[in-house]
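Visitor: take a look and give me a structure for this.
(one chain, ligands or ions: 3)
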Amino acid sequence: MSVVDSHKLREQLSLYFIMGTANCRKSPEETLKAAIKGGATMFQFREKGPSALHGQALLELAKSLQCLCRAEGVPFIINDDIELAIQLDADGVHIGQEDEPAASIRQRLGSGKIIGVSAHNLAEVQQAISDGADYLGIGPVYPTPSKDDARAVQGTRLITEIREKGIDIPLVGIGGITAANTAPVIAAGADGISVISAIAGAADATAAAREFVQAIERAHIRP
Ligand SMILES: Cc1ncc(COP(=O)(O)OP(=O)(O)O)c(N)n1
Ligand SMILES: Cc1nc(C(=O)O)sc1CCOP(=O)(O)O
Ligand SMILES: [Mg+2]
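Guide: Numbering: from 1, shown residues only. Ligands and ions are numbered 1, 2, ... in the order given. As a prediction, this is how the structure comes out:
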């Protein structure tokens, strides 16, 4: 069972920034600082790909990014690596359908940590909820340059279906989201959006994050 406050979590999910070293134009620390300055409300450390850090270098970077998040009151979530999350006492983890099942992660992490689960259909949504997920990542909404093994693009269809069925778990849309295409994701019922390239790959990550904040605000005012 989770004791995570879902009202607070919905706010934290508003602009959920994700990155690892492979995604950044500048250093990961500079990129994260800039994104938070621009309004990122949650951060996921996702260190993946052929150039991914391992061992001590991975640990040092994770600690450094966690420290930045703590200073700004932004939740620090770790992608996939449950051992690292436990070692650092991270705020939570994000896992997908190919990762360790959420139910066993909940047992290992306890009730106070945030567990996010990727889901691509209603069966996976229901399973994630019964396994104790706190939030869902639904995607890819649009074509993404940041995940080679992404599933087929599905637009906002599943987000709409989840809300039409009265399922009110906190959730974000992910995949190819830009400030210009944010509105339909929020209008479909997402609590927020998850972004890698449109912030980490921007020349000015602070300005990019600010544009997202404005797009999210506009989407809530004029759905
Ligand atoms: C918020 C959010 N949603 C979805 C994902 C994707 O997770 P997963 O399917 O496990 O893929 P990888 O990120 O591990 O490649 C995510 N990371 N975050
Ligand atoms: C990490 C991830 N998961 C996805 C999913 O569909 O589950 S899409 C994706 C990549 C998101 O990066 P960008 O904002 O650059 O498109
Ligand atoms: Mg994963």
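Visitor: switch to C-alpha atoms for all contacts and neighbour counts from now on
Guide: Noted.
Visitor: so Arg10 belongs to a strand, correct?
Guide: No: assessed by DSSP: H, G, I helix; E, B strand; the rest coil, Arg10 does not belong to a strand; its assignment is helix.
Visitor: could you pull out the helices for the protein?
Guide: 6-12, 28-38, 55-72, 82-88, 102-109, 122-130, 157-164, 183-187, 197-200, 205-221 (DSSP state H).
Visitor: which among those helices is found nearest to ligand 2?
Guide: Comparing these by their distance to ligand 2 (CA to the nearest ligand atom), the top pick is helix 197-200, with 3.6 Å.
Visitor: dump the closest one to CSV, restricted to CA.
Guide: What follows is helix 197-200, C-alpha atoms only, in CSV (Å, rounded to 0.1, in the frame of the first residue of the first chain):
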residue,chain,number,x,y,z
SER,A,197,14.5,16.3,-25.6
ALA,A,198,12.4,19.5,-25.7
ILE,A,199,14.2,20.6,-22.5
ALA,A,200,17.5,18.7,-22.3
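Visitor: deepest-packed of the helices of the chain, please.
Guide: Sort the helices of the chain by mean neighbour count, taking mean count of other CA atoms under 10 Å, and helix 197-200 sits at the top with a mean of 25.
Visitor: and it, how far from the chain's centre?
Guide: Its chain's average C-alpha position is 13 Å from that of helix 197-200, according to CA atoms, centre = their mean, to the nearest Å.
Visitor: got the contact list for the spatially closest residue to Pro184 that is not a sequence neighbour?
Guide: Spatial nearest neighbour of Pro184, chain neighbours left out: Thr156 (7.2 Å); criterion: CA to CA, 6 or more residues apart in numbering. Residues in contact with Thr156 (CA atoms under 8 Å, 6 or more residues apart in numbering) are Val141, Gly173, Pro184, Val185, Ala188.
Visitor: ok, the residues you listed vs Ile77, which is closest?
Guide: If you rank these by distance to Ile77 using CA to CA, Gly173 comes first, at 16.5 Å.
Visitor: for the closest one, give the beta-bridge partners.
Guide: Beta-bridge partners for Gly173, by DSSP bridges, are Ile138, Ile193.
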